[in-house]
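Enquirer: Here's a sequence, model it:
(2 chains)
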2 protein chains.
Amino acid sequence: MVVYRSSTTAPVNIAVVKYWGKRDPKLNLPTNSSLSVTLSQDDLRTLTTASASEAYTEDVLLLNGAPSDLTGARTQACLRELRTRRAALEDKNPSLPKLAHLKLLLVSENNFPTAAGLASSAAGFAAFVRAIADLYELPASPTELSLIARQGSGSACRSLFGGYVAWRAGDKADGLDSQAVEVAPASHWPQMRALILVVSAAKKGVSSTSGMQQTVATSGLFQQRIATVVPANMDLMEQSIADRDFAKFAEVTMRDSNSFHATCADTYPPIFYMNDVSRAAIRAVETINQAAGKTVAAYTFDAGPNAVIYYLEENSEAVLGTFYPLLQSVDGWKQSTNFKSTVQLDETISSTLKGGVSRVIMTGVGEGPQKTDVYLVSEEGKPLSTSS
Amino acid sequence: MVVYRSSTTAPVNIAVVKYWGKRDPKLNLPTNSSLSVTLSQDDLRTLTTASASEAYTEDVLLLNGAPSDLTGARTQACLRELRTRRAALEDKNPSLPKLAHLKLLLVSENNFPTAAGLASSAAGFAAFVRAIADLYELPASPTELSLIARQGSGSACRSLFGGYVAWRAGDKADGLDSQAVEVAPASHWPQMRALILVVSAAKKGVSSTSGMQQTVATSGLFQQRIATVVPANMDLMEQSIADRDFAKFAEVTMRDSNSFHATCADTYPPIFYMNDVSRAAIRAVETINQAAGKTVAAYTFDAGPNAVIYYLEENSEAVLGTFYPLLQSVDGWKQSTNFKSTVQLDETISSTLKGGVSRVIMTGVGEGPQKTDVYLVSEEGKPLSTSS
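Expert: Residues are numbered from 1 along each chain as shown, chains lettered A, B, ... in the order given. Sure thing, here's the model as predicted:
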C-alpha cells in the first residue's frame, strides 16, 4: 500500500517581546503581540515526518520515540483545519490522491536533549503543521499556516519563519488576524548570537498555559503591561531591528523580560520562573555591559530559569569570554570558544552560576522550516529514528 | 550645669500595604498611602534619650554606641522643625527654660541585633522625634509629630502609633496632609502575631531610598500600582482590620507584597530583594494555608529577603509548628514554642529554609512609643548604655 510522506524541520524561537496571556483560550488568541528571534536549526530543531496511508488505522504521533497524545482539543483543531483544506483541494482537482480522509502517522525528533528544559512545543507544533501542509501540498503561505499552528501552541506560529518574527495579536473575535509575519529575515541581521545558560530547576514551575491565565485573572499590574508596555516595546523592537541597533534591541529585550516576570510575580499566588541562578546571570550581563562601556549583551527568560543571552558576533569575546572560564566544565561549548575576557564577576555571582548552570547552548539567528529528504517514516510506513 | 533629659521607646512597624516611591523626595512625600502593623516593643524597639545642656558644644547622636551623622538634610529638617516649635513655646511662655537654642545629645539603642537585617530607621526616627518632642514638651499629637518624622524617614511616621496605622499619602504640595493616623489600636485586634524569618543575604541590595526612585523613573507597571492597586488594597485592608477578618487581611497583605516586589523586578535595571529562601517561605505559607483549609498565615517582604509572617494567636500551632521543627537550631524561638504541626513541606522548600534562615523573631502587634525613666544620658550629660 502506498505511503505518502513529507518531512520538514522547524526551529525554536525565543521571544524578545513576550507572549503571556490569552484573550481567547479556545482559539489561542493572545492578549498582546510578541516578537521573537528564530534560532539556528544547526543547534536546535525538530524534525517531523508526516505520512498518510490506507494501511494506518488511527492517527499516531511519536515524539522522540514515544507515543504522544493527539486527542487534545488544540491538536485536533490543527488536524481538522489541515484536513479541511486538503479536502477542498481534492474537491477542486479530482486527479489528486485522496489523502484528507487517510489516517496519519507523524514521527518527530528533537536534536537537543529534553533535559535542556527548552520549550520545544513551538518547534514541535510548527513542524507538525508544516509537515502535514507539505504532505497535503497546501498552497498556504507561512503566515496562513501560522493561523493553524497558533491554535496548537501560541508561540509555534512564530517558528514558521526564520529571522525576526512578530506575532500580531489582532483584534478580530475569530482570530483571523492573529498571525505571524516576518519582520526581517535572518540575512538582515545575521550577526545575532544567543548563548543559553541551562539552569537546573529544582522543580518544574507552573506550566505556561495555566500560568498565563492565572496572571490575566489575578495580576493588578497586568493590564498596564498589555495596554501600554507591550505596544511601546513592539514599536521600539521593530525599529531596533530595522536599524540593527543592538543597544536598543538589548534594552527592550531586558525590559520586556523583566516586565513579563514582574507580572508573574504579581500573580496570586505568585509565579516564579527565575531563581537565584537566573538573577546571577542578569547581574553578570550587567557587569559585562558596564565593563564594555556599552550594551553588548541582553538577557531574557521564558517560563523557566534558563537565561538566553543575545549578543552580536563581534562581541563574542566580551560575552563568551566571561562565561566560558567559569563554566568550561559543562557541555555545549563549541570548539572555537576558548575566549577569556577581562571582566571580573562578583564572587557571589560567579559561584552561583558555577553551581547552577548545567549546560550551555551556543547558537544564533537562523532560518525557518526546511523541507528535507530525511524521513522518520519508512517507505513501508514504519517509524524510523535518526539516532537508530 | 543642668542637663534636661527625656527618654522614649519606639517600635518597628512592618507594612501590609507598602510604601514605595516618593512624589517629592525633598519633603519625603510618598506616591501612595501605606498601612502597617506596629510590632511589640518587648521584642523590637529603639530606646532614645534626648538631652539638652549648655555644656554641649554640638549636636551629637550616638547609635548603638557609635557616633552617627546628624548633618543629613532629612535629619536637619526634623531638628529644625522641632526647635522652631520649641522656640514658639518659649516665646509665648517666658518662664520655660530656653532649650531651643541648646545643643542636643541623643543616645539611641536597639534591643535587637543589627545582624537581623531589619530596617531600624523607622523606629529610630520615630524615637528621635518623640524623644526631642517630649524633651521640648511640645503639645503635639502623634499625627502632628508624624509630619516631622516622615521627613526623616518615610515609614517612621507610622512608628509613632501602636496597633494598625495608615500613612495617608495626601495630595497637598507642602505635604501637610501626608501624615500617619491610627486605623485601630492594638487592643482592637490584639491576637495578631508575627514570625520573622531572618534570611542571610549574600549582599546588601539596593537601598530603599534609591531603589524606590529608580522604580518610579523606570518601571512601566508602577503607575498602575499607584493609580489602582494600592488604593484598592488600602480600602480592603482597612475593612479587614475593622472586621478582624484575617483571611482578607492576609490576602491583601500577600498581594500587596507581591505587587511591590513585582514593580521592583520591573525596575530597570531590575531590583531583587527576595531570594530563593524568601520564595521558599512563600511556598511554605501556601502549604500551611492549604493544609489548614483556610488562610491562617500571610507573608510579606520589605526591601530585603526576610519573611514576615503574620498569623493569629489561635493558629500558632499551624504556623510555628511548621517552621519550628525545621529551624529549631537557630536563635529567637520563645520557650513556649515547642509545637509540632502535621504540615509536610516539600523537601526542596524545607532544605532551602533550613539552609537560609539564620534566626527567627517571634513577636506580635504592640503599642506605640512609650515615655520611660530609663535614660541613656546621665544626669551629668554623659552617654550611658543599657548593656554596660
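Enquirer: Chain A: helices as residue ranges?
Expert: Applying DSSP state H to chain A gives helices spanning A:73-92, A:121-135, A:142-152, A:208-218, A:222-224, A:230-242, A:246-265, A:276-292, A:316-327, A:347-356.
Enquirer: Please identify the most buried of these.
Expert: Among these, ranked by average contacts under mean count of other Cβ atoms under 10 Å in any protein chain shown, first place goes to helix A:121-135 (a mean of 28). No exception for glycine: its C-beta is placed from N, CA and C like everyone else's.
Enquirer: helices or strands up against it?
Expert: The contact analysis (3 or more Cβ pairs under 8 Å, 6 or more residues apart in numbering or on different chains; DSSP states H and E) places helix A:121-135 against strand A:3-11, strand A:45-53, helix A:73-92, strand A:103-110, helix A:142-152.
Enquirer: re earlier: mean pLDDT added to the helices of chain A, as a markdown table?
Expert: Putting the helices of chain A into a markdown table (pLDDT from 0 to 100) gives the following:
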| stretch | mean pLDDT |
| --- | --- |
| helix A:73-92 | 96 |
| helix A:121-135 | 96 |
| helix A:142-152 | 95 |
| helix A:208-218 | 94 |
| helix A:222-224 | 98 |
| helix A:230-242 | 98 |
| helix A:246-265 | 98 |
| helix A:276-292 | 97 |
| helix A:316-327 | 94 |
| helix A:347-356 | 95 |
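Enquirer: can you tell me which of these comes nearest to B:Ala250?
Expert: With distances scored as Cβ to Cβ, the stretch of the helices of chain A nearest to B:Ala250 is helix A:208-218 (15.1 Å).
Enquirer: so what's A:Lys334 closest to, chain neighbours aside?
Expert: Nearest residue to A:Lys334 in three dimensions, chain neighbours excluded: A:Met362, at 5.1 Å (Cβ to Cβ, 6 or more residues apart in numbering or on different chains).
Enquirer: Could you report the neighbour count for the residue in the stretch 1-150 of chain A that chain B sits nearest to?
Expert: Residue nearest to chain B within the stretch 1-150 of chain A: A:Val17 (12.4 Å; Cβ to the nearest Cβ). For A:Val17, the count of nearby residues is 29 (other Cβ atoms under 10 Å in any protein chain shown).
Enquirer: number of nearby residues for the nearest residue to it once chain neighbours are set aside?
Expert: Closest residue to A:Val17 apart from its sequence neighbours, by Cβ to Cβ, 6+ apart: A:Leu35 at 4.3 Å. Neighbour count for A:Leu35, taken as other Cβ under 10 Å: 27.
Enquirer: Equivalent analysis for A:Val3, please.
Expert: Neighbour count of A:Val3, defined by other Cβ under 10 Å: 19.
Enquirer: so it bridges to which residues?
Expert: Assessed by DSSP bridges, A:Val3 has beta-bridge partners A:Ser53.
Enquirer: and the gap between it and A:Asn64?
Expert: Here the criterion is Cβ to Cβ, to the nearest Å. By it, A:Val3 lies 22 Å from A:Asn64.
Enquirer: same question, A:Pro30
Expert: Distance, A:Pro30 to A:Asn64, by Cβ to Cβ: 28 Å.
Enquirer: out of those two, which sits in the busier spot?
Expert: More neighbours surround A:Pro30 than the other of A:Pro30 and A:Asn64, with 25 against 16 (other Cβ under 10 Å).
Enquirer: A:Gly154 is in contact with that one, correct?
Expert: Yes: at 6.0 Å, A:Pro30 counts as touching A:Gly154 under the criterion of Cβ atoms under 8 Å.
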